[in-house]
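1. Sequence unavailable; structure follows:
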Ligand code: GDP
Ligand code: MN
């Protein structure tokens, strides 16, 4: 299982491997604070982003948003970009390469280090890649750091920093059952060695031992992971209508019906069977992060009561200051109360799905 760069860097920080400061943004407007120069990086589960234009620099909020806008519109080697990582830009004096992987021929971990980092390791000549096969019973001791430091050209304090990074990276590799941990480039910046990139691959069969890792065998997007963590079944799609419904069947039917009317859903979100104002309200948080142009809520009230959902919608509109069109279909338990509450709050509410979607269609046509 591949981790995103930002997830790999979270593990690095946990293990004391230095990384730049940064945050994840799902849309340009998520960038509100930029100090000095920053780097804006596509979060996709593939490498070679630098070459494809997925790594850009900026020095103001406006510029960073513009770069994020460009990157979020990209597709890199068939991967749509759904999020960017915004980090302080490092002043790079030199780029190195460091990785640990499982060497199947020796059935042992193999350290690979090179003073020629920042390019694909496949393009580095073999004599410039220093390898060290780790005896798993001994692990990585400081002497391994000293041997490799010498080859890499590190002495004094840099050799100490490199050794510490290597030992910590090996601990991470072992404790997380990794197949690969790679830092490319490991950079020298103002006297410090820092991981400017991360690639971490976890053995999928070991995931039961790492409940803190979000299972991502399906290569979910960062926003999907975030919404799933909060308890929502959530899938990003490529349209512009945010969708909140309850029950997988009704949610699927909602997507189908939107498409039938020539409208494209931006997401699948199943509220599940719950009667909570907060769960309804917070669903909007994730739908809004996907940046839709309108939101359709489609609820069949049972366990989930329509007046509870109406309260959640009104609370969300208030708290998240939603000024996008919201169209709601409420039917089932307490439907009249629910629709009345929404109507009083100025939100379009209908008893059947067709009328709701027709209303949405006319709103979308009016906005074009
Ligand atoms: P990859 O191309 O997908 O492996 O993405 P990387 O994160 O490795 O970035 C590609 C290249 O962008 C690096 O090798 C650096 O040359 C450059 N880069 C990335 N982050 C920084 C930074 O903070 N400062 C500077 N100056 N260059 C950076
Ligand atoms: Mn890289």
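-> Cool, got the structure. The shown structure was predicted, so the numbers you read here are calculated from the model rather than taken from an experiment. Ligands and ions are numbered 1, 2, ... in the order given.
2. and the residue in the stretch 1-150 of the chain positioned nearest to ligand 2, what does it touch?
-> When distances are taken as CB to the ion, the stretch 1-150 of the chain reaches nearest to ligand 2 at residue 47, 5.9 Å away. The way it works is simple: take the backbone N, C-alpha and C, and place the C-beta from them, glycine included. Applying CB atoms under 8 Å, 6 or more residues apart in numbering to residue 47 gives the contacts 120, 199.
3. any idea how far ligand 1 is from it?
-> Distance, residue 47 to ligand 1, by CB to the nearest ligand atom, to the nearest Å: 5 Å.
4. How about the secondary structure of that residue?
-> coil (DSSP: H, G, I helix; E, B strand; the rest coil).
5. One more: the one 4 residues further on?
-> Reduced to three states with three-state DSSP, the structure at residue 51 is helix.
6. what's the distance between it and residue 77?
-> 10 Å (CB to CB, to the nearest Å).
7. do residue 103 as well
-> 26 Å.
8. quick one, which of these two is more surrounded?
-> A count of neighbours by other CB atoms under 10 Å puts residue 103 above the other of residue 103 and residue 77, at 15 against 12.
9. Could you tell me the end-to-end distance of stretch 296-311?
-> Stretch 296-311 has an end-to-end distance of 16 Å (criterion: CA to CA, to the nearest Å).
10. and that stretch, what's its mean pLDDT?
-> Mean pLDDT, computed over stretch 296-311, is 95.
11. Neighbours of the residue in the stretch 251-368 of the chain that ligand 2 sits nearest to, how many?
-> As assessed by CB to the ion, ligand 2 sits closest to residue 289 within the stretch 251-368 of the chain, at 26.3 Å. Per other CB under 10 Å, the neighbour tally for residue 289 reads 21.
12. Residue 27 is in contact with that one, correct?
-> Yes: Residue 289 lies in contact with residue 27 (CB atoms under 8 Å); the separation is 7.0 Å.
13. shared neighbours of these two, anything?
-> Counting by CB under 8 Å, 6+ apart, residue 289 and residue 27 have no shared contacts at all.
14. Isn't residue 192 up against residue 17?
-> No: with contacts defined as CB under 8 Å, residue 192 does not count as touching residue 17, sitting 11.8 Å away.
15. Same drill for those two, tell me which one is more crowded.
-> With neighbours defined as other CB under 10 Å, residue 192 and residue 17 compare such that residue 17 has more, 26 against 12.
16. tell me the phi and psi of the more buried one?
-> Main-chain dihedrals, residue 17, degrees, to the nearest 10: phi -90, psi 120.
17. which helices and strands does the helix or strand hosting residue 87 pack with?
-> For residue 87, the host element (DSSP states H and E) is strand 84-88. Other elements packing on strand 84-88 under the criterion 3 or more CB pairs under 8 Å, 6 or more residues apart in numbering; DSSP states H and E are strand 22-25, strand 38-42, helix 61-72.
18. Could you look up the next helix or strand downstream of the lengthiest helix in the chain?
-> Looking across the chain with DSSP state H, the single longest helix is helix 156-175. Later in the chain than helix 156-175, the nearest helix or strand by DSSP H and E is strand 178-189.
19. Determine whether any part of stretch 69-82 lies close to ligand 2.
-> No: judged by CB under 5 Å from the ion, stretch 69-82 makes no contact with ligand 2; its nearest approach is 12.6 Å.
20. what's the span of that stretch, first residue to last?
-> Taking CA to CA as the measure, stretch 69-82 stretches 11 Å from start to finish.
21. For the stretch 151-300 of the chain, just list every one of the strands.
-> Listed in chain order, the strands of the stretch 151-300 of the chain (DSSP state E, counting those that start in this stretch) span residues 178-189, 192-195, 199-202, 233-236, 241-245, 267-270, 294-301.
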